[in-house]
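Trainee: Make a model of this:
(2 chains)
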Amino acid sequence: MQTVVKDVLPQRTRWSQRAIARHLCSDKNTVKVYAETIAVVIPDFLKECPRNPDGSVQSGFSLSQYQCWVVCQLITLSRTIKNDLNGTAYRKVVKATAVKMSHALSKESFQRETGSQVA
Amino acid sequence: MARSKKSEPTVTTAEQGMNMILDTPVLKSVSEAADFLGVAEIRLLELFADALTLPEAMGWEVIPQEYEHLLNEFKAQATNVQALPEVPQKSTPEVQETSVEPPVVDEPAEAPKGTSKRSKTKSGALTKTRKSSLEKGAKSSQKTTDLEQMATATLAAQKGTRKGANLAAIELTAQEGAYQHVKKEGLKRQIAKLAKELEDEKNFDPQEMLAALGIPALEDTENELNDLIEGTLGKLGNLTEEVLHNSWMNGLDTDAELENLQELLNLNG
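Mentor: Residues are numbered from 1 along each chain as shown, chains lettered A, B, ... in the order given. This is a model prediction of the structure:
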């Protein structure tokens, strides 16, 4: 049986954290952590985040297509390394990796990879 | 040489090692530094990344000692930035004050002086803000009035329900009182009826009823029966006396006496 979800969901312009969690079959709190604390180290990601007056990222914000792509990439990476790290704090590793590989997770890379022209 | 190098630090661990530990400055965590500055962690990291042009700063969890001095700079910048908006913040209340005093605008008309030009120019500049502030004020006042109306309506409704409840309670009590009264009256009537019946029963004479029906009275029947019984009993008494007398005179002949008795009984039967 084909799942229609995968065909339809990428057409979304905004993604709620709950929708991403459903798409990745993960917990919504996981998506929240990745979107609001880990992925924000990527400058392009942070630029698109709605902010509070004190400069912090708004809680539970909906993500753009690019932001969704970044979060999905990071969660996929964490799933890959989680078993290898065997119980260590893998999220810190993911965060450090995101800092180092921010160019690979930039908006330009997203547009190049997906062929998207999302503003 | 290598041994001597290794042995030297072991000697100094007791004295200098403690000092080294004590002298080692504790690195500030990002959260502590953010609290110190009064900004979000991510904002602080952004400041570091921008100031140092170091993207890796976004991943810091502690502030390196060599960059701690930047915290004070950021603090000073933040205070300066906070000081700057104070001017417009102060200006906006002035605008509000002027907007609050629209009737006072008539005063300059009454006493126009050299400052009138300035005031005119100012009023021209302020009209937009005044309009917006007035609109905002009108909206907020509308909201408050709506809320007040809602609150008064709710209170009135609550009062109404209370009054209704009181009225219902009074009505119920009155109905119950009326019911009790009716019940008492009914009981009284029932008791009176029963009392009358009892009184009637007192006057009831079965002898009269029997006489009216042509049945002899119970006393007559009783007397007749008594006479009959007494007669029979008297004969019996005489016979027993005879039996006793004869038996005494002739000696005891029980068989003959029994036959006599049997005969007597047969006669009575």
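Trainee: Tell me the residues of chain B that contact chain A?
Mentor: B:38-43, B:45-46, B:49, B:55-56, B:58-59, B:61 (C-beta under 8 Å from any C-beta of the partner chain). To be clear about C-beta, it is placed using only N, CA and C from the backbone, and glycine gets the same treatment.
Trainee: and the residue of chain A found nearest chain B, how far is that from residue B:188?
Mentor: Relative to chain B, the nearest point of chain A is residue A:55 (2.8 Å; C-beta to the nearest C-beta). Look at residue A:55 and residue B:188: by C-beta to C-beta, to the nearest Å, they are 90 Å apart.
Trainee: These two - which one has more neighbours?
Mentor: residue A:55 (18 against 10; other C-beta atoms under 10 Å in any protein chain shown).
Trainee: check which helix or strand covers the more buried one.
Mentor: Using DSSP states H and E, residue A:55 is not contained in any helix or strand.
Trainee: center of chain A, which residue is that?
Mentor: The geometric centre of chain A, computed from its C-alpha atoms, lies nearest to residue A:71 (C-alpha atoms, centre = their mean), at 1.1 Å.
Trainee: dump the residue contacts of that one.
Mentor: With contact taken as C-beta atoms under 8 Å, 6 or more residues apart in numbering or on different chains, residue A:71 is in contact with A:20, A:31, A:34, A:35, A:39, A:63.
Trainee: Might one say that the last one is in contact with residue A:18?
Mentor: When you say that, I think you mean residue A:63. No - assessed by C-beta atoms under 8 Å, residue A:63 is found out of contact with residue A:18, at 11.0 Å.
Trainee: neighbour count winner among those two?
Mentor: The residue with more neighbours, out of residue A:63 and residue A:18, is residue A:63; 24 against 13, by other C-beta under 10 Å.
Trainee: Mind picking the two most distant members of the contacts of residue A:71?
Mentor: A:20 and A:39 (11.2 Å; C-beta to C-beta).
Trainee: hang on, residue B:65 packs against residue B:23?
Mentor: No - with contact defined as C-beta under 8 Å, residue B:65 does not reach residue B:23; the gap is 11.9 Å.
Trainee: Now do the same contact list for residue 68.
Mentor: Using chain A. Applying C-beta under 8 Å, 6+ apart, the residues near residue A:68 are A:12, A:15, A:20.
Trainee: wrong one, chain B
Mentor: Shown in contact with residue B:68 (C-beta under 8 Å, 6+ apart): residue B:28.
Trainee: What distance do you get for it to residue B:196?
Mentor: 114 Å.
Trainee: And the helices in the stretch 101-250 of chain B, which stretches?
Mentor: Secondary structure of the stretch 101-250 of chain B (DSSP state H, counting those that start in this stretch): helices at B:106-110, B:116-203, B:206-213, B:218-250.
Trainee: same question, chain A
Mentor: Listed in chain order, the helices of chain A (DSSP state H) span A:5-8, A:17-24, A:28-33, A:43-47, A:65-85, A:90-100, A:107-114.
Trainee: Tabulate those helices (a markdown table), appending distance to residue B:74 and mean pLDDT.
Mentor: Listed next are the helices of chain A as a markdown table, based on distance: least, C-beta to C-beta, whole Å; pLDDT from 0 to 100:
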| stretch | distance to residue B:74 | mean pLDDT |
| --- | --- | --- |
| helix A:5-8 | 45 | 48 |
| helix A:17-24 | 31 | 92 |
| helix A:28-33 | 27 | 93 |
| helix A:43-47 | 18 | 91 |
| helix A:65-85 | 27 | 90 |
| helix A:90-100 | 20 | 89 |
| helix A:107-114 | 28 | 88 |
